[in-house]
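**Q** I would like the atomic coordinates for the input below:
(one chain, ligands or ions: 1)
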Amino acid sequence: MPIKKLLVTGASGFLGWNQCLLARQEWDVYGTYFSHPVEIPGINMLKVDLRDFQEIKRIFHEIQPAAVIHTAAQSSPNFCQSHPDESYRINVTASCNIAGLSADYSIPCVFTSTDLVFNGLNPPYRETDSVCPVNHYGEQKVMAEEGMRSRYPMTAVCRMPLMFGMAAPTATSFMQPFIKALREGELSLFIDEFRTPVSGTTAAQGLLLALGKVKGLIHLGGKERVSRYDFGRLLVEVLQLPAAGLKACQQKDVKMAAPRPPDVSLNSSMAFGLGYKPLSLREELEALQGKV
Ligand SMILES: NC(=O)c1ccc[n+]([C@@H]2O[C@H](COP(=O)([O-])OP(=O)(O)OC[C@H]3O[C@@H](n4cnc5c(N)ncnc54)[C@H](OP(=O)(O)O)[C@@H]3O)[C@@H](O)[C@H]2O)c1
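**A** Numbering: from 1, shown residues only. This is a model prediction of the structure:
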């Protein structure tokens, strides 16, 4: 049997890159990039502007993928807040088109949504809870979720938590700037913003699981709820970083374009029941020693 083809959009991004590294063990992986060319050993890379429907149609036709994992997005809430129309085209229009083509080809389609579809006032959030985003990024992800599911109800809509881990040559997670700031001086982190983070590797495992087992919504959060500040403390301890510069602050102390919810912790028991197994945050960070 020839090995099956998997299309991963956003392979030059943090999650897409981690996804390609994991998926290449079992799939013939085709990864897309747009403005950041990157080579990944064993992966067929293609430059695609996913805002252009003709380009998406062309790659589906050329590759004939057996499945799609769609991670490409404008992933910065602050950018989306100040550029709502520009970000809508990649976050909503492109996502709906990918779902439509996946329906035409009758192949599994996995979408990376976000915990920021919630307002953070009633955590932990289950799949059955109503969405209530507080910024444009969250609103766009809600529109993409709904648009994709209406075009293709089989879409696996995976709500991702905050993610950290090995940086791609072309993209980092939030943790690399944290480490740099700690080494160079001072890092202030929120004591009043809570998430259920996982590493990019764990998230990628969850997305492959969803590809095989999920139709509809699923939460892929980690097992621990943690504030940004306590995550920073653990990071300092496990990676033996200088602790002196780590300071606590509150959301109200930092002015940002996009409003931020206080606690979008996910209840991911449905995914745990399907075999999704995030490690503890300490174990995740220990596994990253020497790699970040
Ligand atoms: N990171 C997190 O903590 C987090 C949390 C929750 C959900 N998510 C979601 O998870 C997914 C992955 O996030 P990430 O952090 O890996 O994002 P990222 O590092 O910002 O990567 C975004 C990717 O999207 C691609 N892209 C952007 N515009 C494009 C366009 N017009 N055409 C084609 N490709 C385009 C980028 O390509 P180029 O760079 O080559 O232009 C890049 O590969 C996103 O859907 C994000 O919303 C992320």
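
**Q** Return the residues of this structure in contact with the ligand.
**A** Proximity of the chain to the ligand (CB under 6 Å from any ligand atom) is limited to residues 10, 12-16, 32-36, 48-51, 71-75, 90, 112, 114, 160, 162-163, 170-171. In this view, the C-beta of every residue, glycine as well, is placed from N, C-alpha and C.

**Q** Take those residues and keep only those in strands.
**A** 32-33, 112, 114, 160, 163 (DSSP state E).

**Q** which stretches of the chain have low pLDDT?
**A** Across the chain, the ranges flagged by pLDDT under 70 are 1-2.

**Q** For the ligand, give me its nearest residue in it.
**A** Nearest residue of the chain to the ligand (CB to the nearest ligand atom) works out as residue 13 at 2.1 Å.

**Q** beta partners for the nearest residue to that residue once chain neighbours are set aside?
**A** In space, and not counting its chain neighbours, residue 13 is closest to residue 171: 4.8 Å by CB to CB, 6 or more residues apart in numbering. Residues in a beta bridge with residue 171, per DSSP bridges, are residue 168.

**Q** In contact with residue 171: list those residues for me.
**A** 12-14, 17, 36 (CB atoms under 8 Å, 6 or more residues apart in numbering).

**Q** filter the residues you listed to the buried ones?
**A** 12-14, 17 (16 or more other CB atoms under 10 Å).

**Q** Out of the ones in strands among the residues of the chain next to the ligand, who's the most crowded?
**A** When neighbours are counted by other CB atoms under 10 Å, residue 112 leads those with 30 neighbours.

**Q** Not counting its neighbours along the chain, what's nearest it?
**A** Leaving aside its sequence neighbours, residue 112 sits nearest to residue 71 (CB to CB, 6+ apart; 4.8 Å).

**Q** did I read that right, residue 218 in a strand?
**A** Yes: inclusion of residue 218 in a strand is indicated when DSSP: H, G, I helix; E, B strand; the rest coil is applied.
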